[in-house]
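Peer 1: Give me a 3D structure for the following:
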Amino acid sequence: MPKNWTRVKLADIAGIQGGGTPSRAEPSYFGGELPWVTPSDLAPVGKIAQLGAVAETITKLGLQNSSAKEIPASSVLFSSRATIGKIAVTDRVCATNQGFINLIPKEDVVCPWFLAFLLGYRTSDLRQLAGKTTFLEIPRGKFKDFEVDIPPLLEQRRIVVRIRECLERIAEIEDLRETSLKDQQHLSAALIEAELRSGLAAKNGWPERAVAQIVTSVRNGRSISQDTEGRADGAVLTLTAVRSISLAVEFRKAIALPQKIEEQFGIDEGDVFVSRANTIELVGLSAVATERPKDRLIYPDLLIKLKVDRTKVRPRYLAYALRSASARKQIRARALGSSQTMVKISGERLREVLVPVPSLAEQDRIVGRLDTAHDFAHYLATESDPREIGALRGAILRKAFAGEL
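Peer 2: Down below sits the predicted model:
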């Protein structure tokens with residue numbers, strides 16, 4: 001413990017309260033003026049921020065008829081169930097559901113932001129208080145007795161300023177990374193278009209074919225709810241699996257998987273998958289399975305599987321062709337939906353999309369050139385690994401609470 005720091009219990013430096021949920025059966029309990037916070041309203045674990053917009057509000061009547069309590073501004077919200085460790089500092093009076101332990105700092109003892117960062121630093125230790133039960137929850141009694149080390153208020157405020165300065169630099173790195181990832185998508189489409197552009201296709205006598213003419217089947221997948229009862233014996237892909245040209249089978253969720261479903265919706269080497277539903281920018285993204293999964297894995301309803309006619313087209317070539325600027329334009333034009341945040345393309349409409357189809361030998365040459373360009377673009381876009389960014393946040397907090405910042 002650094003010099004002049006004092007060991008205290010959390011209950012010694014903050015009032016500690018829980019939350020609650022008014023009865024959904026009573027409409028008059030919701031839609032009032034009091035923000036009602038659930039864990040989904042907060043940033044992911046590791047990102048400590050001021051409370052932003054929340055999805056729901058409750059009325060005074062709802063507050064009075066539930067275990068929810070008014071939490072004042074400059075309090076610290078800590079998610080204590082299931083997803084443990086989401087943290088926010090309130091900028092207004094609010095209430096929370098029962099998924100939180102809420103801390104109201106004693107003004108003469110602890111700074112709210114210092115307390116928030118301290119809880120972030122100690123989240124892994126606090127998580128241990130939940131034990132090893134299937135449904136994780138930190139008991140409020142154990143939370144109150146949890147011991148932490150704090151310096152005098154003036155030093156707390158200095159540390160908060162330094163932490164914020166460092167986290168601002170990390171936020172800039174994250175913004176640059178997100179911009180790079182977006183640029184990579186446009187770069188990839190442009191590179192592919194340069195290889196397949198209509199003028200070049202016409203010059204070389206490459207015919208254009210509808211997807212329906214070069215595949216043997218088009219089929220939506222099957223979605224199964226994630227296992228929460230420890231019965232998982234298989235997995236289903238998530239939409240993130242098609243963000244890159246090679247199907248990323250590590251993006252999955254565990255499910256209880258019946259044998260018959262596995263047989264119907266399994267994955268083979270060379271299967272091409274297309275996102276059936278997403279934002280207007282991401283709908284129709286394609287990827288190819290580079291090998292047959294070694295474990296029990298299926299694809300979800302939000303992906304379409306194309307079985308390629310290999311006498312006409314290479315699977316990887318088709319995945320690239322569907323990512324070209326001209327194919328992306330056709331896909332977006334065929335996607336339906338009332339909201340740009342979620343549109344869908346059907347298998348039937350996907351069958352209509354036209355792509356140039358050169359000889360198999362030329363397809364192999366094109367794939368080789370695109371693989372080289374894609375690998376380089378991917379390297380540039382992912383040079384700053386998100387895990388490294390998370391590690392930087394952790395390192396900043398470790399130094400801060402070791403008295404080294």
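Peer 1: now the helices for the protein?
Peer 2: 10-13, 60-64, 112-121, 123-127, 140-145, 153-196, 198-203, 211-214, 259-264, 315-321, 325-334, 347-350, 360-381, 386-400 (DSSP state H).
Peer 1: Single out the most deeply packed of those.
Peer 2: Most buried of the helices of the chain by mean neighbour count (mean count of other CB atoms under 10 Å) is helix 315-321; its value is a mean of 26. Yep, even glycine has a C-beta here, placed from its N, CA and C like the rest.
Peer 1: Arg92: what's it in contact with?
Peer 2: By CB atoms under 8 Å, 6 or more residues apart in numbering, the contact set of Arg92 is 35, 51, 73.
Peer 1: and if we set it to 6 Å?
Peer 2: Contact partners of Arg92, counting by CB atoms under 6 Å, 6 or more residues apart in numbering, are Ala73.
Peer 1: separation between it and Tyr299?
Peer 2: With the distance defined as CB to CB, to the nearest Å, Arg92 ends up 44 Å from Tyr299.
Peer 1: Excluding chain neighbours, what is closest to Met342?
Peer 2: With sequence-adjacent residues excluded and distances taken as CB to CB, 6 or more residues apart in numbering, Met342 is closest to Ala277, at 6.1 Å.
Peer 1: go on, Gly62?
Peer 2: According to CB to CB, 6+ apart, the nearest residue to Gly62 is Tyr29 (3.1 Å).
Peer 1: burial of the nearest residue to Asp301 once chain neighbours are set aside, as a residue count?
Peer 2: In space, and not counting its chain neighbours, Asp301 is closest to Ser223: 4.1 Å by CB to CB, 6+ apart. For Ser223, the count of nearby residues is 14 (other CB atoms under 10 Å).
Peer 1: Ser223 against Tyr299, yeah?
Peer 2: No: using CB atoms under 6 Å, Ser223 makes no contact with Tyr299, being 9.5 Å away.
Peer 1: which residues touch Tyr317?
Peer 2: Contacts of Tyr317 (CB under 6 Å, 6+ apart): 363, 367.
Peer 1: cool, the one 4 residues further on as well?
Peer 2: Ala321 is in contact with 327, 355, counting by CB under 6 Å, 6+ apart.
Peer 1: Return the distance of it relative to Ala289.
Peer 2: As judged by CB to CB, Ala321 and Ala289 stand 16 Å apart.
Peer 1: low-confidence ranges in the stretch 201-350 of the chain?
Peer 2: Counting by pLDDT under 70, the low-confidence segments of the stretch 201-350 of the chain come to 201-203, 227-229, 338-341.
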